[in-house]
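Q: The following comprises the amino acid sequence and a computationally predicted model.
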Amino acid sequence: MRILHTDVLVIGGGLAGQRAAIGARRRGLEVTIISLVPAKRSHSAAAQGGMQASLGNCRGAQGDNEDLHFADTVRGSDWGADQQVVRMFAHTAPKAIRELAAWGVPWSRVERGEHSITVNGQKQTVSEADAAHGLITSRNFGGTAKWRACYVSDGTGHAMLYTMSNQAIAAGIPVHERMEAVALIHDGERCCGAIVRNLMSGELVAYLARATCIATGGFGRIYRVSTNAIINEGMGAAIALETGRAALGNMEAVQFHPTGIFPAGILVTEGCRGDGGLLLDGAGERFMPGYEPEKAELASRDVVSRRMEEHIAAGHAASSRFGEHLWLDIRLLGEAHINTQLREVQEICQYFLGIDPARELIPVRPAQHYSMGGVRTDPHCHSPTLRGLFAVGEAACWDMHGFNRLGGNSVAETVVAGMIAGEAIADFCASPEGALTVSTTLAEEFHRREANKLAAIAGNSGGESAVELTRLMQETMTANVGIFRHGDKLQQAVNTLRDLLQRSANVGLRSQARGPNPELVAAYRLPRMLKLALCVASGALAREESRGAHYRDDFPRRDDQKWLCRTLARWPGDDAETPQLDYEALDVMGMELPPGWRGYGARDFIEHPDTATRQAQLEQALAAAGELDRHARQQLLMPFLHLLPAGLQARNQRLGDAP
Ligand SMILES: Cc1cc2nc3c(=O)[nH]c(=O)nc-3n(C[C@H](O)[C@H](O)[C@H](O)COP(=O)(O)OP(=O)(O)OC[C@H]3O[C@@H](n4cnc5c(N)ncnc54)[C@H](O)[C@@H]3O)c2cc1C
């Protein structure tokens, strides 16, 4: 067995993993990143529309600040988020944008003078101030009070990831590509690294590390129709689950994006609607204002996706030989705008639909898009139950998205959480807890276990096909654990997934090759994907309410009295067929923004018994404190700055602030 030693092992070379790695490296630690693909091919590169940060530079962003970003994010989460974490995030996002600008991200900029924009289907003229000229601009996105999504045309993730990757290279951080973490090495209390499989040679290597950070992205590929890349299979979350110690948070909270192109599911960005694009039905009529007068097409994603599906079910769809869908109309934005600000959308439409979106309508239908759930961490991105294990980005449940993520808040989370995790990892490694005293016997034991598993799969002559079982899992998830959920269908899904998990032990291979063998890889990953799917379906079945993206036909109201809590899923043992579910209460008495109406979507919900008391307490505290600026006011209501590394605590400056 080959053993590699490093201070910090980062599993995943996307935006989150690389930013965490850079932070730890800057503090003098030896850091190694492993990745399934070359780091610059990570899924972060697919992010199109933007990164949220309250810079307040352009006209539509004027008056923006951390308070508004915080409130939008909490409302977007349907009060499922950890409010202190949301504060940490909103406070750090402007710093993250500026750091990326300094590193070379070519953010689109404000241009002084008059510009034509499209709002609510109408052309308007706005004038940008001389003072803002050349500053980072932003566009409108769903569920936000201001134009807050900073962007690089519609190739934001690509620009961010390439810049981040170049910084990681400059910092001397090695990326071991085409390597897959297949198990975490741990003793039940402390994580000490991972067993890693070389996807080219098939060799299993033990990486021993003082701190291990999971940054493996989302698990969208457990669904049939998804905007996610095919490498988004959730293996990082799955190997954390298999420790039996680390918990996965809110796995039932799965986002469906309104505008996957139909039928392929490839995303066209929310920026299309942010820039003024409209949703039309089969009759060519705009329908969202009828359902959502306040925000129309720009309500949060969970709300828009549900309204679209309702409209289809009510018989208003367009139909094609692939089935029913709706239309996205960006023709009104004009060719010049599309060719500069929505270039990727233009190309996606051209290559995958054979249409020109400046002249034709884009067929769309909601598709699985984002995993709000993931490895549960504390505000320092550290697992509370398995020390030495950190998690960041889409793979984590930090938890700033609760039950619905706002557009643009994900790439922002990857960088912000990476900044915080890098410091937290370095602090941990500097503490007595951070010393690694692992015996190689433990690594050998995990190595042997995985080697035996692989040998058993390779030698299995069973009659099942991994490809077919994967397809059945994906069909089950899309049909029964989608946008609209119901107890009966969820129970059916749990039963089917359990059955598939049993059958997955009987997969036969045609090729025994240990190196690049897709059949072997599929068979090896399948039971883990099924365990994740079971966490999603079981969590959804147990949660008898509707919150954010989790909507139950049979329990249509949000129920703060019973369900203002985070789901924690653990896998109880190798032979288990379902996860063990526990719940972590969200403390209303500690909230800065007690639960209420989101400002869009359903108005009726079951109130938490503490909500009125907390509201009164906040009002009394403010009245007693007298005149306060907004920063002091905020700290009085819910202190959070102490949770941030010292270097990130400073206030953000905006145009018009006193110097
Ligand atoms: C089409 C699309 C458009 C989007 N647009 C936006 C947007 O405009 N704004 C926004 O905020 N968000 C957007 N998102 C969401 C956002 O892009 C992602 O949530 C975010 O980039 C995830 O970053 P990450 O670093 O957590 O993971 P990723 O970028 O997915 O990186 C995961 C890394 O983990 C590695 N990996 C995975 N498993 C293993 C393993 N077992 N062993 C070793 N390595 C492993 C992979 O190789 C990869 O390097 C979009 C998502 C999609 C699908």
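A: Thanks, I have the structure now.
Q: and L526, what is it in contact with?
A: A466, L469, T470, M473, S504, V507 (CB atoms under 8 Å, 6 or more residues apart in numbering). Backbone N, C-alpha and C define where each C-beta goes, glycine included.
Q: And A132, by the same measure?
A: N57, C58, R59, V110, R112, L655.
Q: that older thread, inside helices: which ones of the contacts of L526?
A: Among the contacts of L526, the residues falling in helices (DSSP state H) are A466, L469, T470, M473.
Q: Most neighbours among those, which one is it?
A: Using other CB atoms under 10 Å as the neighbour criterion, M473 leads the ones in helices among the contacts of L526 with 26 neighbours.
Q: okay but that residue is in contact with I222, surely?
A: Yes. Between M473 and I222 there is a contact at 6.3 Å, judged by CB atoms under 8 Å.
Q: Overlap of the contact sets of these two?
A: In contact with both M473 and I222: M529, A533, using CB under 8 Å, 6+ apart.
Q: And stretch 292-308, how far out from the chain middle?
A: 19 Å (CA atoms, centre = their mean, to the nearest Å).
Q: Stretch 191-198 now?
A: Taking the mean of its C-alpha atoms, stretch 191-198 sits 24 Å from the chain's own mean (CA atoms, centre = their mean).
Q: Can I get stretch 533-545 as CSV, trimmed to CA atoms?
A: Taking Å, rounded to 0.1, in the frame of the first residue of the first chain, the C-alpha atoms of stretch 533-545 are listed here in CSV:
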residue,chain,number,x,y,z
ALA,A,533,-31.0,9.0,-2.9
LEU,A,534,-32.4,7.2,0.1
CYS,A,535,-31.4,10.1,2.4
VAL,A,536,-33.3,12.5,0.0
ALA,A,537,-36.4,10.4,-0.3
SER,A,538,-36.6,9.3,3.4
GLY,A,539,-36.0,12.9,4.5
ALA,A,540,-38.8,14.1,2.2
LEU,A,541,-41.2,11.4,3.4
ALA,A,542,-40.6,12.2,7.0
ARG,A,543,-40.9,16.0,6.6
GLU,A,544,-44.6,16.5,6.7
GLU,A,545,-44.7,20.2,5.6
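Q: who touches it?
A: Applying CB under 8 Å, 6+ apart, the set of residues contacting stretch 533-545 is 222, 241, 248, 250-252, 254, 373, 473, 476-477, 480-481, 485, 487, 490-491, 493-494, 497-498, 501, 550, 552, 554-555, 557-559, 562-563, 567, 569, 577-579, 581, 606.
Q: Among those residues, the buried ones, what's the ChimeraX command?
A: Applied in ChimeraX, the following selects the buried portion of those according to 16 or more other CB atoms under 10 Å:
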select :222,241,248,250,251,252,254,373,473,476,477,480,481,485,490,493,494,497,498,501,550,552,555,558,559,563,567,569,578,579,581
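Q: and W327, how many neighbours?
A: W327: 19 neighbours (other CB under 10 Å).
Q: That one belongs to a helix?
A: No. With DSSP: H, G, I helix; E, B strand; the rest coil as the criterion, W327 is assigned strand and is not in a helix.
Q: Can you classify the residue in the stretch 451-600 of the chain that the ligand sits nearest to as helix, strand or coil?
A: Per CB to the nearest ligand atom, R525 is where the stretch 451-600 of the chain lies closest to the ligand, at 8.7 Å. What three-state DSSP gives for R525 is helix.
Q: Relative to T340, how far out is it?
A: 40 Å (CB to CB, to the nearest Å).
Q: do K489 as well
A: 44 Å.
Q: the more surrounded of these two?
A: K489 (20 against 12).
Q: Could I get the contacting residues of the more buried one?
A: A479, N480, V481.
Q: secondary structure element for it?
A: helix 487-503 (DSSP states H and E).
Q: Mind checking the pLDDT average for that helix?
A: Mean per-residue pLDDT for helix 487-503: 98.
Q: With just CA atoms, put it into PDB.
A: Presented in PDB, the C-alpha positions along helix 487-503 are these (Å, rounded to 0.1, in the frame of the first residue of the first chain):
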ATOM      1  CA  GLY A 487     -46.500  10.700   1.000                       C
ATOM      2  CA  ASP A 488     -47.600   7.700  -1.200                       C
ATOM      3  CA  LYS A 489     -45.100   8.400  -4.000                       C
ATOM      4  CA  LEU A 490     -42.300   9.100  -1.500                       C
ATOM      5  CA  GLN A 491     -43.000   5.800   0.200                       C
ATOM      6  CA  GLN A 492     -42.900   4.100  -3.200                       C
ATOM      7  CA  ALA A 493     -39.600   5.800  -3.900                       C
ATOM      8  CA  VAL A 494     -38.100   4.600  -0.600                       C
ATOM      9  CA  ASN A 495     -39.200   1.000  -1.300                       C
ATOM     10  CA  THR A 496     -37.900   1.100  -4.800                       C
ATOM     11  CA  LEU A 497     -34.500   2.600  -3.800                       C
ATOM     12  CA  ARG A 498     -34.200   0.000  -1.000                       C
ATOM     13  CA  ASP A 499     -34.800  -2.700  -3.500                       C
ATOM     14  CA  LEU A 500     -32.300  -1.200  -5.900                       C
ATOM     15  CA  LEU A 501     -29.700  -1.000  -3.100                       C
ATOM     16  CA  GLN A 502     -30.100  -4.700  -2.500                       C
ATOM     17  CA  ARG A 503     -29.900  -5.500  -6.200                       C
END
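Q: Quick one: distance of that helix to the chain centre.
A: Using CA atoms, centre = their mean, the offset of helix 487-503 from its chain centre is 25 Å.
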